[in-house]
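1. fold the following, please.
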Amino acid sequence: HVQLVESGGGLAQAGGSMTLSCAASGRTFTANTTMAWFRQAPGKEREFVAATRWIGDRKYRADYLGSVKGRFKIIRDNSNVASLHINNLNPEDTAVYYCAVALLSGSNDYDFWGQGTQVTVSS
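-> Residues are numbered from 1 along each chain as shown. Take a look at the predicted model:
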């Protein structure tokens, strides 16, 4: 039974930083799976935030939502763990952040989802 567990959310002030972590258990993923972060703000649809995608030769490409480039950094710690570093937080980052895994390299169809971690940014 695969589980994705997010951690590291909480309350922060605007301008601060936060690191979210996603750890998968129940299965050892191959290196070429995609791990990604999504978020859902109150009253809005869930949106893609960042992903690490296998590009071969032990390397990953990081993809980002355009509006978070430069402030968000996704790191693939190993095949089952990915972290999301957020700098210069602003109130618009307030959302539930979800981790997701796609088994097929390059796929945008995510097979597993975490329960989410709340990030709240005060102005």
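2. when you work out contacts or count neighbours from here on, use the C-alpha atoms and nothing else.
-> Noted.
3. which SS class is the closest residue to residue 102 other than its chain neighbours?
-> Counting by C-alpha to C-alpha, 6 or more residues apart in numbering, residue 110 is the residue found nearest to residue 102 once chain neighbours are left out, at 4.2 Å. The local conformation at residue 110, judged by DSSP: H, G, I helix; E, B strand; the rest coil, is coil.
4. so how many other residues sit close to residue 110?
-> As a burial measure, the neighbour count of residue 110 was computed by other C-alpha atoms under 10 Å and equals 16.
5. pretty sure it is touching residue 98, no?
-> No: in this structure, residue 110 is not within contact of residue 98 by C-alpha atoms under 8 Å, at 11.5 Å.
6. show me which positions of stretch 104-121 end up buried.
-> 104, 110, 113, 114, 116, 117, 118, 119, 120, 121 (16 or more other C-alpha atoms under 10 Å).
7. how about stretch 48-57?
-> Of the residues in stretch 48-57, those scored as buried under the neighbour-count criterion (16+ other C-alpha under 10 Å) are 48, 49, 50, 51, 52, 53, 54.
8. the residue nearest to the last one when sequence neighbours are not counted: what's it in contact with?
-> Spelled out, it's residue 54. Of all residues not flanking residue 54 in the chain, residue 60 sits nearest, at 4.4 Å (C-alpha to C-alpha, 6+ apart). For residue 60, the contacting residues are 52, 53, 54, 76, by C-alpha atoms under 8 Å, 6 or more residues apart in numbering.
9. swap in 7 Å and give it another go.
-> 52, 53, 54 (C-alpha atoms under 7 Å, 6 or more residues apart in numbering).
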